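Peer 1: structure of the sequence below:
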Amino acid sequence: MSTSVKPKSFPLPSSLEIIPGTERAQAAYPYYMQFSKDDDQRFWFYNSMHFPEPMCTFDTITAEAAYCALGAANTRVHSLPTTLGIDYRIINGRIYIGGNGVTDPAEIARRTEEFKQRAFYYYANWERLFAQWKDKMMVLIREAESLAKPDLPEFEPLQHVHAGRGIASNHYLLDVYQKTLEGYFRMWHHHFEFLLLGYGAYLTFFDFCKKAFPEISDQTVARMVAGIQAEIFRPDDELRRLAMHAIELGVDGALKEGAAPKEIIKSLEQLGEPGRAWLKELSVSRDPWFNINVGDGFYDYHRSWNDDLAVPFTVLPGYIANVKSGLRLERPIEKLMAERKKLIEEYRELLETDDERAAYDQMIELAHRVFPYVEGHKFYCEHWYTNLFFNKIREFGGLLAAHGFFHDPEDVFQLTHYEVESAIIDLMTSWSNGSPPRGPARWPAIVKERRAAIAEWAKHETPPALGPVPEIIDDPAIVMLWGITRESLDAWLKAGEQPDSNEIKGFAASNESQKALRGW
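Peer 2: Have a look, this model is predicted:
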């Protein structure tokens, strides 16, 4: 009896079918996001870490802007030797991605020389450039905050006429919208300015440890490197601080479990000076630390704590109860730092030569220098700035809804960013010429259809990977963020051979790396 060896390949992209009844919703995504027959020759995997749910059409901008900037950083700015950018495709609302590797030795050598001139400068000047990065991000955030709320008055304000401004209000709808998009795309370039270099430093140390200490776990390596006081921890630290203040001021009884935020605030206002003092502390925490959202910054409905105080107010009663029971709320920073130092020293003692110890010291020192950015950037980018971005688009949704384009301002996210601009121009034209806009007759039915498609897609599973399995994966982002290695892909294939196996298996480093790196 002869047996055939199955080729090492996942299902081909062309074998996937669009869920019946959702064809028009699928076609709404831009052409450059759609799979083509040529994509069967490449490996793709479902990015369930960043995009675990089907993506509505507008929200795909979070992939579009991110991968545009990531590719520029890899390919053109820092010139990573063995990898270029990441391509992405969407089917049934699911985002698949695939890396572009460099395999030609001559090209790798050429890019390596470029990389040394660029990356090594960043490593040598990391602290100065990182401080400069924070300044750039704050400028970008303040620019977004200063953008005017879109509005169309019945008549142009008289002061504009007397000032000779010469530009009517409808023009500024387009101006603000385009600035909103430009700022979001620019944010992602800031996001990736340091990130892949940070991953590279960590991955170099990670590989060293795996070779020097074969039994070391991924989590142990992450503990030796991970920071303790990154900005991403501050929102939770602020809740702990507010819980302790509530007890100190004697107003903790107002922070009742299950109570609505408005009711809690009203109760605190009625408590006189202690209540007002706590609310003042709340204001201190909210700007900026409540600009963190409930997800990872890739879906419009992942709202920030500032948008919905129910999230932090739900946590506070538990922290208050912990304090009253004698538990210490503050994170034991000194203890954590001491544990990290001890761990580093214990593994250092296992090295046999001075050269190994010198290399170990150099790599851990660099990893500690770069990790404040690797961990802290998310608060500024995926959370604070992204909240501002989606809320500005929400304002345009409100304006369009007020003029009959939608039933609900949130419907704006069922349009692509190109379609939102076309709707804005439709409204600009209508306001200027006095004719009714054409959008109200067009968009409600399309929005309803696309919402139904999202709900239908969510009922269906999607393969974890597509296409032929690559022999080598050298992209630091793919290895670090998703833990995708040749070994993990083999495990996926093996898991797929088991009956009733729809589980993604084999992310060898992903859980630990995500804890250390917190995603992008």
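
Peer 1: low pLDDT regions in the protein?
Peer 2: The chain contains residues with pLDDT under 70 at 1-7, 227-228, 474-477, 480, 496-520.

Peer 1: and the strands in it?
Peer 2: 44-46, 83-91, 94-101, 465-466 (DSSP state E).

Peer 1: need these in JSON lines with mean neighbour count and distance to residue 260, can you?
Peer 2: In this view, the C-beta of every residue, glycine as well, is placed from N, C-alpha and C. Putting the strands of the chain into JSON lines (neighbours: other C-beta atoms under 10 Å; distance: least, C-beta to C-beta, whole Å) gives the following:
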{"stretch": "strand 44-46", "mean neighbour count": "22", "distance to residue 260": "38"}
{"stretch": "strand 83-91", "mean neighbour count": "20", "distance to residue 260": "38"}
{"stretch": "strand 94-101", "mean neighbour count": "21", "distance to residue 260": "36"}
{"stretch": "strand 465-466", "mean neighbour count": "23", "distance to residue 260": "44"}
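
Peer 1: out of the ones you listed, nearest to residue 198?
Peer 2: Taking C-beta to C-beta, strand 83-91 is the member of the strands of the chain nearest to residue 198, at 15.2 Å.

Peer 1: can you show me the CA trace of the closest one as PDB?
Peer 2: In PDB, the C-alpha atoms belonging to strand 83-91 read as follows (Å, rounded to 0.1, in the frame of the first residue of the first chain):
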ATOM      1  CA  THR A  83      12.900  41.500   6.100                       C
ATOM      2  CA  LEU A  84      10.900  44.200   4.300                       C
ATOM      3  CA  GLY A  85       7.300  45.100   5.200                       C
ATOM      4  CA  ILE A  86       4.100  43.200   5.900                       C
ATOM      5  CA  ASP A  87       1.300  42.800   3.400                       C
ATOM      6  CA  TYR A  88      -2.300  42.400   4.500                       C
ATOM      7  CA  ARG A  89      -5.500  41.100   3.000                       C
ATOM      8  CA  ILE A  90      -9.100  40.800   4.200                       C
ATOM      9  CA  ILE A  91     -11.800  38.200   3.600                       C
END
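
Peer 1: oh, and call the first residue 20 from now on, that's how I've got it
Peer 2: Renumbered: residue one is now 20, and that last one reads strand 102-110.

Peer 1: and it, how far out from the chain middle?
Peer 2: Distance of strand 102-110 from its chain centroid, counting by C-alpha atoms, centre = their mean, to the nearest Å, is 16 Å.

Peer 1: show me the helices in the stretch 320-469 of the chain, by range?
Peer 2: Taking DSSP state H, counting those that start in this stretch as the criterion, the stretch 320-469 of the chain contains helices spanning 329-343, 352-368, 373-397, 405-421, 436-452, 458-476.

Peer 1: just the stretch 120-269 of the chain next, same as before
Peer 2: Secondary structure of the stretch 120-269 of the chain, counting by DSSP H, counting those that start in this stretch: helices at 124-143, 145-165, 177-181, 188-231, 237-244, 253-268.

Peer 1: nearest to residue 51, out of those?
Peer 2: With C-beta to C-beta, the closest approach to residue 51 among the helices of the stretch 120-269 of the chain belongs to helix 188-231: 15.1 Å.

Peer 1: in contact with the residue lying closest to residue 389 once chain neighbours are set aside, which residues?
Peer 2: What sits nearest to residue 389 in space, not counting adjacent residues and going by C-beta to C-beta, 6 or more residues apart in numbering, is residue 217, at 4.2 Å. With contact set as C-beta atoms under 8 Å, 6 or more residues apart in numbering, residue 217 has these partners: 389, 390, 392, 393.

Peer 1: quickly note the distance from residue 217 to residue 310.
Peer 2: Using C-beta to C-beta, to the nearest Å, we find residue 217 at a distance of 22 Å from residue 310.

Peer 1: swap in residue 114?
Peer 2: Residue 114 sits 25 Å away from residue 310, going by C-beta to C-beta.

Peer 1: now residue 242
Peer 2: 28 Å.

Peer 1: these two: who's more crowded?
Peer 2: Per other C-beta atoms under 10 Å, whichever of residue 242 and residue 310 has more neighbours is residue 310, with 21 against 17.

Peer 1: contacts only, for that one.
Peer 2: Contact partners of residue 310, counting by C-beta under 8 Å, 6+ apart, are 323, 324, 325, 398, 402, 403, 406.

Peer 1: how about 6 Å then?
Peer 2: Neighbouring residues of residue 310 by C-beta atoms under 6 Å, 6 or more residues apart in numbering: 323, 325, 402, 403, 406.

Peer 1: what's the burial count for the last one?
Peer 2: By the measure other C-beta under 10 Å, the count of residues near residue 406 is 22.

Peer 1: I'd like to know how far it sits from residue 103.
Peer 2: Taking C-beta to C-beta, one finds residue 406 at 31 Å from residue 103.

Peer 1: with residue 369 instead?
Peer 2: 37 Å.
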